[in-house]
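K.L.:
quick one: sequence plus predicted model below, questions after.
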Amino acid sequence: MHASDAAANEHAPATPGGGHLFFRAGVFDPADLRRAVTRIAHEIVERNHGAADLVLVGLYTRGVALARRLAAAIESFEGIAVPIGTLDVAFYRDDIGLRPVQPLGPTEVPDVAGRVVVLVDDVLYTGRTVRSALDALLELGRPRAVQLAVLVDRGHRELPVRADYVGKNLPTKAAEDVRVHLSEVDGGDDRVEIWGPAEEAKRDA
Amino acid sequence: MADPQVLVRGGRVIDATGERVADVRIVGGVVTEVAPSLAPEAGSLVLDAEGCVVAPGLVDIQVHFREPGREDAETIETGARAAAKGGFTAVVCMPNTDPPLDDAAVVQAVLERGRYAACDVRVAGCITKGRRGEELAPLGELYDRGVRVFTDDGDCVADALVMRRAFEYALALPGAVLSQHAEDPSLVAGGHMNEGEWSARLGIPGRPAEAEISIVARDLTLARVTGGRYHVLHLSTAGAAALVRAAKAEGVRVTAECTPQHVVLTDALCASFDPVFKMNPPLRTAADVDALKAALADGTIDAIATDHAPHAPETKEVPFEEAPPGMLGVETALGVAITQLVEPGVLSMQQALAALSWKPARIAGLDAAGHGGPIEPGHAAHLCVFDPNERWVVDASRLASKSRNSPFDGWKLAGRVRHTLLRGVPMVRDGEAQR
Amino acid sequence: MPEPALKHLLSVDDLGGRAGIEAMLDLTDSFVEVLARDIPKVPALRGKTVVSLFYEESTRTRLSFETAAKRLSADTMTFSVSTSSVKKGESLLDTVHTIEAMGIDGIVVRHPCAGAPHRVASWSQASVVNAGDGRHEHPTQALLDAFTLRRHRGPSLDGCRIAIVGDVKHSRVARSNVKLFDALGCEVTFVGPPTLMPERLDGWPATVSYDLDDALVDIDVVYLLRIQRERIGQALFPSVREYAARYGLTSERASRLKPDTLVMHPGPLNRGVEIAADVADSTRSLITEQVANGVAVRMAVLWSLLGSGGPVI
């Protein structure tokens, strides 16, 4: 399911050799994930001296769900309903023609002029999706500032992009895949896992 | 110097008289002996016919060699070479050249050009001046130059009175026959393919079967009333075949031919929009194909003629509706007939050869020049030697014709010509053109 | 690696049946949203070049495609016959090779001959879109019609009863629309004089009626085809007046339609012939909306051919 959602995830290259991926390790359980979201929510409010001028813009698909969770968390302790936007970056990607790219949902962004936009995504990898999102966002209006919140930063940046808020820094190999499951998107329990190719020995066997 | 001798050895001789395993000895262009196990004379050319059929040279009574006018598509030289490679020793060129063959001098010039070609080249003359369907061409003058077939092919003689006058006038010319491209021009105007299910679906304007049926019905009526001789060119519909069958039973002097493509291919191929499948009359339906097969089998259709119609590649590399009609045929006719008619049992080998050789030879008066056999002592040695079992793949880019518009490109065919002899001289030897 | 799902759009058949058509209509929704923005443009086809190769005058269709290409940030070139070397006798094949030598990705072809875009596709490496070929097909028109209809009757068009009225025989719109409407579950009736019906309808998913009043009972959509005045004199119908009386959607006929029956037309209109002026301008008419949706549909088509899953470079 996630493999077909690669465009939404990050610029994940096809598995080297095209082999199957296998479960390696669990990174977050539901409680870990809840705590990470809560912490990011607090950091956002702290950094911006409140939530008055904020707009949370989620990138499809799981960034949208995370933006909603962050908004709910901020409202719970700050009492302010932060406006939420959704952004589809399909038409702004730089890998059009290299892979199947399809729009994932309607772009609906509230007025961002003069406000601080926090882009929200699940995994930060090459930085190309964020680059696309900045282009898309800036055509919709002129925010005062743009910040970036991600649940997982797995490294391997190909562009000078840095997250302002990170749930967890997770060193990975390029051949590996970070899979984020959110109950409202994927069903089941929230979790974050690392998957990777079979060990050399297993593959030769 | 003694006459050159040729011995065709080891083949199965098939002609109108029957079939026997025999060698054929030729001296001075004439068959002198047909018997098993003949010994070659010293110095004679021995042609291997092991596993082959030895038949009278094939005769194609409808070809377009484009000379004069479109020498970029074909010439008499290249067309005749292609025909010889296909086993033909005689062809009749249609008169829709530029200028058309409605004048004795033009006819004479074309016949001159054919004198040294790889097969005997005869021509059909126009029925009307300029093929305009209005005034009669000088049928008598053309007849005196040896023309026996008259037609405005490419166009139909639409005016019934003009056709009737032609029938009447030709009665004075023994052996002459009027051949009709039977498509009523008012019904086919603007049409590019068979009118039916496929034309409706593809949005290509159609040419209805009724255009052929109505002209054949009219012409049969005129032939009946005048007593004239009538030949239907490239008959393509079940309806026209039924009319010819009934008229023959009645004693009307009518013959008919169909092309290999009409008896094999259908209008469904036009769905590719490839103009290689465009011709007039158009490819018809599967029901028509079945009716043509039955008509060939029962003799309603006498002959297979190719309507070999070369077109320069650039004229076919256009949208379907802009392309000229016509397909190549002389190099594939025998193979298509064997693969599609003989092997499935529609025709016996002898019936197929009758339709490709001696019956068309008689229609066009070419039997007088020794075409169409029989292969017997004293007869001219026009022979076609082919291996009916050898399979080959048609490669349009390697045909001897100047053009490439074969609808059978890529087809695997059975039956390959090994030798073609014209008056005892090999025009094709071991599959290679000699002239 | 992914092959493009769609290399050419030559016929409605290329869309891959109901699922493919619905995916294209869903994609169109995304572009309707883009077109509603202050900056109605996305960089999706930046660096791609689309040529419109029009052998028939059709300013509206050409502009619709070129606008769609520009809204996707593609470069556009126009090759129109009236100003080109075609007038000097250059063949379609040579023209295609010439423009291809300039390095192009897509060719939008309008041609008076059926199958001309198929020929172009066989000669060219570029993706080819059929923008109308003779009487054969006009697949983007069918898509925009279905898209427009879906916005009013959707999301499902199952069981929607559509009368396509007029010169079906000579109409590429009818040939594309009947396939596409049928694939989406609509029930199509062709209405017109027998002389304007296709010669054979074997295998067509449509019924035929020669009586408009009969066909309009309980109909959901009346889709009127343009009557071309040059058909008069071809013994197809006696006069425009007689045609309008028997097969035109007059005000009086429109007044007998169900209140929610919709009226469509591919344009350009012959007011007073196939459709009365006040019917064309009435609230049941979707004609203006059809034109408006043309750009979004063509963006979806160009994106699908040139953007979403092209060959690996």
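P.N.:
Arrived safely. Numbering: from 1, shown residues only, chains lettered A, B, ... in the order given.

K.L.:
pLDDT below threshold where in the chain?
P.N.:
Assuming you mean chain A. Within chain A, the segments meeting pLDDT under 70 span A:1-19, A:199-205.

K.L.:
that's the wrong chain, I meant chain B
P.N.:
Where chain B drops to pLDDT under 70, the residues are B:1-2.

K.L.:
got the CA positions of the longest helix seen in it in PDB?
P.N.:
With residue count as the measure and DSSP state H as the assignment, chain B has helix B:209-226 as its longest helix. Coordinates of each C-alpha in helix B:209-226 appear next as PDB, following Å, rounded to 0.1, in the frame of the first residue of the first chain:
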ATOM      1  CA  ALA B 209     -21.900  -3.100 -52.800                       C
ATOM      2  CA  GLU B 210     -25.000  -2.000 -54.600                       C
ATOM      3  CA  ALA B 211     -22.900   0.200 -56.800                       C
ATOM      4  CA  GLU B 212     -21.300  -2.900 -58.200                       C
ATOM      5  CA  ILE B 213     -24.400  -5.000 -58.300                       C
ATOM      6  CA  SER B 214     -26.400  -2.500 -60.200                       C
ATOM      7  CA  ILE B 215     -23.800  -2.000 -62.900                       C
ATOM      8  CA  VAL B 216     -23.300  -5.700 -63.300                       C
ATOM      9  CA  ALA B 217     -27.100  -6.200 -63.600                       C
ATOM     10  CA  ARG B 218     -27.300  -3.500 -66.200                       C
ATOM     11  CA  ASP B 219     -24.400  -4.700 -68.200                       C
ATOM     12  CA  LEU B 220     -25.600  -8.300 -68.200                       C
ATOM     13  CA  THR B 221     -28.900  -7.000 -69.500                       C
ATOM     14  CA  LEU B 222     -27.000  -5.200 -72.300                       C
ATOM     15  CA  ALA B 223     -24.800  -8.200 -73.100                       C
ATOM     16  CA  ARG B 224     -27.900 -10.400 -73.300                       C
ATOM     17  CA  VAL B 225     -29.700  -8.100 -75.600                       C
ATOM     18  CA  THR B 226     -26.700  -7.300 -77.900                       C
END
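
K.L.:
what residues of that helix count as buried?
P.N.:
Neighbour-count burial for helix B:209-226, with 16 or more other CB atoms under 10 Å in any protein chain shown as criterion, is recorded at B:209-216, B:218-220, B:222-224, B:226. Heads up, the C-betas are built off the backbone N, CA and C, glycines and all.

K.L.:
is any part of it close to chain C?
P.N.:
No. Judged by CB under 8 Å from any CB of the partner chain, helix B:209-226 and chain C are separated, with a smallest distance of 11.0 Å.

K.L.:
check the burial of the residue of the stretch 201-350 of chain B found nearest chain A by counting its neighbours.
P.N.:
For the stretch 201-350 of chain B and chain A, the shortest gap (CB to the nearest CB) falls at residue B:273, measuring 28.5 Å. Counted with other CB atoms under 10 Å in any protein chain shown, the neighbours of residue B:273 add up to 25.

K.L.:
swap in residue A:47?
P.N.:
Here the number of neighbours of residue A:47 (other CB under 10 Å) works out to 12.

K.L.:
report the contact partners of residue B:136.
P.N.:
Residue B:136 makes contact with B:127-129, B:162, B:165-166, B:169 under the criterion CB atoms under 8 Å, 6 or more residues apart in numbering or on different chains.

K.L.:
reformat the residues you listed as a markdown table; add distance to chain A.
P.N.:
Converted to a markdown table, those look like this (distance: CB to the nearest CB, whole Å):
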| residue | distance to chain A |
| --- | --- |
| B:127 | 62 |
| B:128 | 61 |
| B:129 | 63 |
| B:162 | 64 |
| B:165 | 70 |
| B:166 | 66 |
| B:169 | 71 |
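
K.L.:
so which of those residues wins on neighbours?
P.N.:
In terms of neighbour count, residue B:127 stands highest of the contacts of residue B:136 at 28 neighbours, by other CB under 10 Å.

K.L.:
where does the stretch 1-150 of chain C dip in pLDDT?
P.N.:
Checking the stretch 1-150 of chain C against pLDDT under 70 turns up C:1-4, C:82-88.

K.L.:
close to chain A: what parts of it are there?
P.N.:
The interface of the stretch 1-150 of chain C toward chain A, taken as CB under 8 Å from any CB, is made up of C:1-2, C:5, C:27, C:29-30, C:33-34, C:37-39, C:41-45, C:72.

K.L.:
please list the members of the residues you listed that lie in helices.
P.N.:
Residues from the residues of the stretch 1-150 of chain C next to chain A lying in helices, with DSSP H as the criterion: C:27, C:29-30, C:33-34.

K.L.:
which among those count as buried?
P.N.:
C:27, C:30, C:33-34.

K.L.:
of the residues you listed, closest to chain B?
P.N.:
Using CB to the nearest CB, residue C:27 is the member of those that lies nearest chain B, at 27.5 Å.
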